[in-house]
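Q: Mind folding the following:
(4 chains)
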4 protein chains.
Amino acid sequence: MLMTAGDYLESLRRLELNLYVLGEKVENWVDHPIIRPSINAIAMTYKVAHEPEHEGMAVVDSELAGDRVSRFNALFGSTDDLVTKVKLQRMLGQRTACCFQRCVGMDAMNAMYSTTFEIDQAHGTEYHARFKEWLKNTQQKDLCISGAMTDVKGDRGLAPSEQADPDLFVHIVDRRSDGMVIRGAKAHQTGTANSHQMLVMPTLRLREADSDYAVSCAIPTDADGITMIYGRQSCDTRKLEEGDIDVGNYSFGGQEVLVILDDVFVPWDRVFMCGEIDFSATLVERFAAYHRQSYGGCKAGIGDVLIGATASMADYNGVRRAAHIRDKLGEMIHLAETIHACGLACSYEGWQTAAGNYQANTLLANVCKLNVTRFPYELCRLAEDIAGGLLVTTPSEKDFRHPVLGKYIDKYLKGVADVPTEARFRMLSLIHAMTFGLTAPSYRAESMHGAGSPQAQKVMIERETDMAHKQGLARSIAGIDERESILG
Amino acid sequence: MLMTAGDYLESLRRLELNLYVLGEKVENWVDHPIIRPSINAIAMTYKVAHEPEHEGMAVVDSELAGDRVSRFNALFGSTDDLVTKVKLQRMLGQRTACCFQRCVGMDAMNAMYSTTFEIDQAHGTEYHARFKEWLKNTQQKDLCISGAMTDVKGDRGLAPSEQADPDLFVHIVDRRSDGMVIRGAKAHQTGTANSHQMLVMPTLRLREADSDYAVSCAIPTDADGITMIYGRQSCDTRKLEEGDIDVGNYSFGGQEVLVILDDVFVPWDRVFMCGEIDFSATLVERFAAYHRQSYGGCKAGIGDVLIGATASMADYNGVRRAAHIRDKLGEMIHLAETIHACGLACSYEGWQTAAGNYQANTLLANVCKLNVTRFPYELCRLAEDIAGGLLVTTPSEKDFRHPVLGKYIDKYLKGVADVPTEARFRMLSLIHAMTFGLTAPSYRAESMHGAGSPQAQKVMIERETDMAHKQGLARSIAGIDERESILG
Amino acid sequence: MLMTAGDYLESLRRLELNLYVLGEKVENWVDHPIIRPSINAIAMTYKVAHEPEHEGMAVVDSELAGDRVSRFNALFGSTDDLVTKVKLQRMLGQRTACCFQRCVGMDAMNAMYSTTFEIDQAHGTEYHARFKEWLKNTQQKDLCISGAMTDVKGDRGLAPSEQADPDLFVHIVDRRSDGMVIRGAKAHQTGTANSHQMLVMPTLRLREADSDYAVSCAIPTDADGITMIYGRQSCDTRKLEEGDIDVGNYSFGGQEVLVILDDVFVPWDRVFMCGEIDFSATLVERFAAYHRQSYGGCKAGIGDVLIGATASMADYNGVRRAAHIRDKLGEMIHLAETIHACGLACSYEGWQTAAGNYQANTLLANVCKLNVTRFPYELCRLAEDIAGGLLVTTPSEKDFRHPVLGKYIDKYLKGVADVPTEARFRMLSLIHAMTFGLTAPSYRAESMHGAGSPQAQKVMIERETDMAHKQGLARSIAGIDERESILG
Amino acid sequence: MLMTAGDYLESLRRLELNLYVLGEKVENWVDHPIIRPSINAIAMTYKVAHEPEHEGMAVVDSELAGDRVSRFNALFGSTDDLVTKVKLQRMLGQRTACCFQRCVGMDAMNAMYSTTFEIDQAHGTEYHARFKEWLKNTQQKDLCISGAMTDVKGDRGLAPSEQADPDLFVHIVDRRSDGMVIRGAKAHQTGTANSHQMLVMPTLRLREADSDYAVSCAIPTDADGITMIYGRQSCDTRKLEEGDIDVGNYSFGGQEVLVILDDVFVPWDRVFMCGEIDFSATLVERFAAYHRQSYGGCKAGIGDVLIGATASMADYNGVRRAAHIRDKLGEMIHLAETIHACGLACSYEGWQTAAGNYQANTLLANVCKLNVTRFPYELCRLAEDIAGGLLVTTPSEKDFRHPVLGKYIDKYLKGVADVPTEARFRMLSLIHAMTFGLTAPSYRAESMHGAGSPQAQKVMIERETDMAHKQGLARSIAGIDERESILG
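A: Have a look, this model is predicted:
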């Protein structure tokens, strides 16, 4: 049963999250103005599933569930599914202009599906069947699942078990007959305080000594022992102010929470990895490849909004046809489309796992993400160039609504004669939100660090290339190895 | 008499500004938490004048005043003065980590000094003597002067007199026996609501029809008819919260106001240009060259703080010696020093005006600024890379001070074992302020648009080059013109 | 009947080209050492058609010919065909390390196929049937066809009919009962002096006055009235020297000729456009989209060889594991794969023309090519960085073969102990050929200008984007237009 | 006595070099067409010393020689001298459009001067007096001196004494009563086969075991035991062809030779370092700082010619006023001037050594050079963009001189009507020489590797920065250390 956006909101009200914002526990978190935009962004993923024109994108027939299910909860059954995922992400990026937070879960599920299959093959365990059962329920109930990978990590130079505090990576502190108990914290959790469950995964390749850290499981977001602390966002308290202009993006926003897992109990039927260190890297890399692919969709879509906003500012300023403006807008489009092209390419070039679902091409997914760590920054720079200095010097909406000041502002912040000052004001505020303010983390910092920092991609790119083949080509052409005869 | 920082603060209290912040008129604006950091930043320019180790930098013997005066109010008497200016700016950028706002006035005074001299030569006017008298008083009283150039401009495709509303550029609405009356607004006014006077200048090259727009004069910031509206800054209301961490830079900040000039009267002895359209471009370009030079100082200094903060985060994360981190830190230093090198070069290569003071080399000053429209953005990108995702996901200081949450945060946001979590938290917050938050406009948007947008520099660079000479060189080498004989 | 590489060579011997090299008419041009490498490169396209492992790539079932034909002469029947084209091109780039010249014809045929169909629809002409007949013969005989688009153009600011000399664009000078006569010249003709026929096309959008310039037809390369002048290549005469090292790439090379068409007669059955100015732009843009796609294959493949050569030099110098070397090699791979990803994406996202064959996605093909005008240059720069200064200071092979000097060189140009000096010498020479020498034009200048210069791509990218849609997205998010309700 | 260019040429004829070009010993090497352009380039340094308008740049009063001497043989007596050096280099780069090769010697002399002084202080040796005596003679005779630093190095991962062959770095093989004997080879020797003497220096920091490698001395270029092998240059044999167009730069060129030192005897009075490993790094770094400064002059000057040539091609093609062309030309100027600004800044900010001469600022000199490893490549890319594809497809001069072909070429390669085709041909050929051909190594590879590869600069930049100071600034602003009080 596919929930509507309204169903989803109601379902959240039934969760009793232990959630803190700005030092205070929040009871009615669903309607909290700082949190709500992030809920709306996920709600959009529920809404599109009911739009006839997007049904093919957003809804999938699931053999497992015996029903039509959300693509966000579905397995990728083909490279076409991977492509459609990226196009769905672009469309949602276009409509929310921020991170809509539901991809981590989708990518985690798919990585878990193939990895549990391979763990079972290697270790004779039964994780895959458990996971399928869990997934079936998730699909049928149309739950929203967040993926919880990133540990807080402490000293990056030390392995989990070498840290001064063993809890700096999530680990098993007790194995009981009915389940296990875990402790630790997951940082930068996107879309967790608006999900029904979280799917916990290890964060890096593990060694023998770290076997208690090889843990994967599903946990309800309101389980005992969980504390969530909402991360500050640039300009976050503007959402507490009156008015709808200064926030820039009134309806939608991202969300990142610090999730404390203080001895959380997990029954065995929701445990999908428990000590199998030899599959930690597999799980991490599969998830990473999916999620690096994802950015070829959403970040292109967010870029589309920024491009549209920037072109509009050029219109409002009366400079749209200037050659240097057109050149810069052309460059912005070029960069956004390069990102998307990489997202498409790694999808089309995907491969089938032993479990049967599809992975994006690892090399190209990493190439996609490495471009994402660069191009949105240049898009922001160009947007700031074209938008003009007013971007960071506009008065507040309160000034604009003020009986005296408002007239001054209306008069003096006018651009071309036929566009109302308020439109220009609003468009500036949107660009501000995307480059400095509330959704800037979605477009800048998340592009940098989400799904792994650029160095992680560089390392994978070097590793995934068949350099020996390339060197052989060079040796042959150079005549070090025998040259190829065209007649041979 | 050189004011101390304390004197300066007291002097501000005597001003009766008509200043609005977030829709409300502010009475005690000197102590207003949103405004105060910008006052502190200017106060720093007063403080350094009393530091023995910076006396040579910050204080100058003025023949005009017959006294030691602030460099910020002095004429550049040599290329060495230009160089010292840039080094002073770097030092102040290092100590405030933001725009300290007093350079616009300094640069405006110097541009006005040589331009009024030339107007008088051409038109037989007496502006130069008037201006010198005004400057002498300014120096002797150690006033803080802001430069007011940027008009709101309306439709960028139209000249001032072609706009739908004639007030979109500041212009003379009445010429009286005792003075003139002006109307209009100046946008993005840096350091005006913490200055004693503003020096009004036209914003672009003017044509015959625009003669009422060729206006320059000095006005007290609390003159009748002036309304100032404080521009919103990213994360501005964090300054209204308790605590000192989340603002990132607690002490210092920039400031930009929209200044409405609603029929402001200016007596003739403070009018320095009144209709001489043929010198509008001269004034604008001289000011621009000085101010483009300035950015080779301050933005390098702000960069130093960002580099130091980023290296510290690398320390705290335990990754400082990683090759890719060192490479990125090296790149950040390289970019900041390239900016500074350009600032120094255009200073050393300055030239003397007919009036006797010195101008920075126009070509190199534009080259300096064009680099400034690019490199700080890359510095921010690299800082965000090294700082890590926590940059945009940290909890609030309120969470950190909370009895229960605080313990979790202290435990889980710890990096290397020997650095307190709070230090890491504070350093992240500083970087956030510089890349997203309160001082990000000082380092990003101002680098882009301050002293003119990049296209303005490109145009000047093309114009200032002797392309005919370069083409002659090429023709000779190519043998199109006669080749040079080494024996000849 | 698919020719072997040997058959192809023999077929060329039967052509009587009027071809000049370095001021002299060449009789046995097939064995001319300056020309032969370019023939070998095309021969490789014939060779691969007989390799079982590449059959799926290189050979296609043609309904038209009723036979298996070369992909280089085939219509793209699906997006998969477009993808396979790009992969074939990468493989051939890897094996020749230069332009293998046969793509222009392939791309021209496909553009002509759909355009003639549409001309006939609009004008009631019979070009499409004629073209199909010609194509059938081409496929059946497995001919090598070059595409001849680029006119010499004279003053770029003037239309064809406005030029001082009307012949600066190819045009019809006579229409006779049996055919037409054309005059003009085509510049930078890649792979014409090793093709059987050339397919002439107009070079730009045409206006009414230019109707004699709207001309397309097929001409044998040895037709009366044709003169070909072989373009100089960097280091071209090294191919006339003894030895095989200094040329860098002994077997393969590109080729560009200036083709003079001095009143060449073309019978009507080989005329495919004759005055239909309204389809000139269509033909040009379709060809351009195909050819901009092509560069996502070949230039990635050439890049692979350069990467392999550079990694080998790092091995030979003993620095392969240094962090900065690995980072730079990783960057090279990243850039080459980004190009390829764009080539793949525009292929997968292709569309079917009215005539039935498939076009690459226009926007993404232009994005692909615009990246190609940038990244190979950075690849060369990085290769030069890693290869070291010896790249441009090595002695000659003659020195190396000299009884006395050879010993010195062998001793002193040795890198790591276990690699022979000659291997290092050869690898350097290959990199030199790719960055400065014989094949540098294939990788640098052709990446810049082939299929149109970067500005052409920028213009197309701006035009192909639905900016109104992007602006609508921004207006909605900003609240200028009605905001989207998630419950709506 | 300052030699004229003619005197210099004659002086070279008196040298009996053991010099090989393309496998053959060259007797009349002064008139050898492959070598002569490099001699001409140095001759230009002699010529300018006699030009009244450049006397201040090119000639210096030497206390040591008691005479006016060439700046190329002079000590830098002030920061002004450092600045003038850079401006002289730019002027010479403009007039030769290539490396004029005499700076290595100038930079080596100055580094040696201060280092020998410090060695003597530390070790009680007498190198400084010896060196001054040698320098006095050099100045008085106006000799041309090359600097010989770069060893062939073998395996870069091993120290000199660890190499499989001990001769891979130049070292002392015998110490005799009258002098020492050295063996080894110096690679990429710029301007050695047109100098009178070479100044040998070690190439890197040395350890205890490498004391025989800490060797510095002066050697006549025609000393017994020396063999020089002329490095191949791109398109070198075009200089052996008739005509003057295809070489691109007919008069001038660079030169790099491999110098074999096969047991060369050096009398003690020309030995300036002999085993003092503790000063090897000092010498290398001082030389490097000077030479990295140098590139802020010459490479800007060469860039000027490329910019002029590119603008001319835009003129000839009729596109000079197009906005995108102007933007790219503006960018080229910007990049060349940024290089020059860095060269000037490191000069103005120089410091006095204990011996009394002046060093460029080390940090800024490295910043200068690191930009030089990047910007000339982008200048070449932009030049290739604007020049058009014809850059790599022009026929030969022989074709142009051919009675029949010449008419075709004249007709069809014409650009705008009022510029002769030959001028366009020549300008293309010059750009080709600078980007692919004879002088491309001067502008590309030498910019990359001359005075050390980019990684060497990155390392120095990191080392020369006071990071602790920057971190202190950040800690204070962040409130980790005590915040600065503006009232304090």
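
Q: contacts and neighbour counts: CA atoms only from here.
A: OK.

Q: Show me how far the top helix by length along chain A is from its chain's centre.
A: Secondary structure of chain A per DSSP state H: the longest helix is helix A:280-317. Chain-centre distance of helix A:280-317: 9 Å, with CA atoms, centre = their mean, to the nearest Å.

Q: Check stretch A:394-413 too.
A: 37 Å.

Q: how about the strands in chain A?
A: Along chain A, the segments classed as strands by DSSP state E run A:19-21, A:24-25, A:59-62, A:67-70, A:145-148, A:171-175, A:179-190, A:197-200, A:215-220, A:226-230, A:256-267, A:271-274, A:351-352, A:358-359.

Q: Does the longest helix of chain A reach chain B?
A: Yes - counting by CA under 8 Å from any CA of the partner chain, contacts between helix A:280-317 and chain B involve A:316, A:317.

Q: how big is the angle separating that helix from strand A:215-220?
A: 50 degrees (axes from the mean of the first three to the mean of the last three CA atoms, to 10 degrees).

Q: circling back to that earlier point, mind checking the strands of chain A for the one nearest to residue C:103?
A: The closest of the strands of chain A to residue C:103 is strand A:351-352. By CA to CA, the value is 29.1 Å.

Q: contacts for that closest one?
A: Strand A:351-352 has contacts (CA atoms under 8 Å, 6 or more residues apart in numbering or on different chains) with A:78, A:79, A:358, A:359, A:360, A:361.

Q: let's see it at 7 Å
A: Residues outside strand A:351-352 that contact it (CA atoms under 7 Å, 6 or more residues apart in numbering or on different chains) are A:358, A:359, A:360, A:361.

Q: Strand partners (parallel or antiparallel) of it?
A: strand A:358-359 (antiparallel) (DSSP bridges).

Q: What parts of the stretch 351-488 of chain A come near chain B?
A: Within reach of chain B by CA under 7 Å from any CA of the partner chain, the stretch 351-488 of chain A has these residues: A:384-385, A:388-390, A:392-396, A:398-399, A:402, A:412-417, A:436-437, A:441, A:445, A:448-449.

Q: quick revisit: so which of the contacts of strand A:351-352 is the most crowded?
A: residue A:360 (30 neighbours; other CA atoms under 10 Å in any protein chain shown).

Q: wait, doesn't that residue sit right on residue A:289?
A: Yes - with contacts counted by CA atoms under 7 Å, residue A:360 reaches residue A:289, the gap being 6.4 Å.

Q: Now which of the residues of the stretch 351-488 of chain A next to chain B would you call buried?
A: Using 16 or more other CA atoms under 10 Å in any protein chain shown as the burial test, these include A:384-385, A:388-390, A:392-396, A:398-399, A:402, A:412-416, A:436-437, A:441, A:445, A:448-449 as buried.

Q: hmm, back to that, and the contacts of strand A:351-352 as CSV, adding pLDDT?
A: Formatted as CSV, those follow (pLDDT from 0 to 100):
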residue, pLDDT
A:358, 98
A:359, 98
A:360, 98
A:361, 98
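
Q: rewinding a little: let's see which of the buried ones among the residues of the stretch 351-488 of chain A next to chain B end up in helices.
A: Per DSSP H, those map to helices at A:384, A:385, A:398, A:399, A:412, A:441, A:445, A:448, A:449.

Q: Look up how far residue A:221 lies from the residue nearest to residue A:21 when sequence neighbours are not counted.
A: Of all residues not flanking residue A:21 in the chain, residue A:230 sits nearest, at 5.2 Å (CA to CA, 6 or more residues apart in numbering or on different chains). Counting by CA to CA, to the nearest Å, the separation of residue A:230 from residue A:221 is 14 Å.

Q: swap in residue A:448?
A: For residue A:448 relative to residue A:221 (CA to CA), the value is 27 Å.

Q: again with residue A:194
A: From residue A:194 to residue A:221 the distance is 9 Å (CA to CA).

Q: how many other residues sit next to the residue nearest to residue A:419 when sequence neighbours are not counted?
A: Of all residues not flanking residue A:419 in the chain, residue A:316 sits nearest, at 6.6 Å (CA to CA, 6+ apart). If you count neighbours by other CA under 10 Å, residue A:316 ends up with 25.

Q: doesn't residue A:415 make contact with residue A:316?
A: Yes - look at residue A:316 against residue A:415 with CA under 7 Å: they come within range, at 5.5 Å.

Q: which bits of chain A sit near chain D?
A: residue A:323.

Q: sorry, back to before: which residues touch the residue nearest to residue A:21?
A: Residue A:230 neighbours (CA under 7 Å, 6+ apart): A:20, A:21, A:256, A:257, A:258, B:395.

Q: what's across from the fifth one in the sheet?
A: Pointing back at residue A:258 there. Here residue A:258, judged by DSSP bridges, has bridge partners residue A:229.

Q: wait, isn't residue A:87 in contact with residue A:297?
A: Yes - contact status for residue A:87 versus residue A:297: in contact at 6.0 Å, counting by CA under 7 Å.

Q: Can you give me the neighbour number for the closest residue to residue A:459 other than its chain neighbours?
A: In space, and not counting its chain neighbours, residue A:459 is closest to residue C:330: 7.4 Å by CA to CA, 6+ apart. By other CA under 10 Å, 20 other residues sit near residue C:330.

Q: And for residue A:35?
A: Burial of residue A:35 is recorded as 22 neighbouring residues (other CA under 10 Å).

Q: which residue packs closest to it, ignoring adjacent ones?
A: residue A:29 (6.8 Å).

Q: Ok, residue A:440 next?
A: That would be residue A:434: by CA to CA, 6+ apart, it lies 4.3 Å from residue A:440.

Q: so residue A:161 touches residue A:212, yeah?
A: No - counting by CA under 7 Å, residue A:161 stays clear of residue A:212, with 8.9 Å between them.
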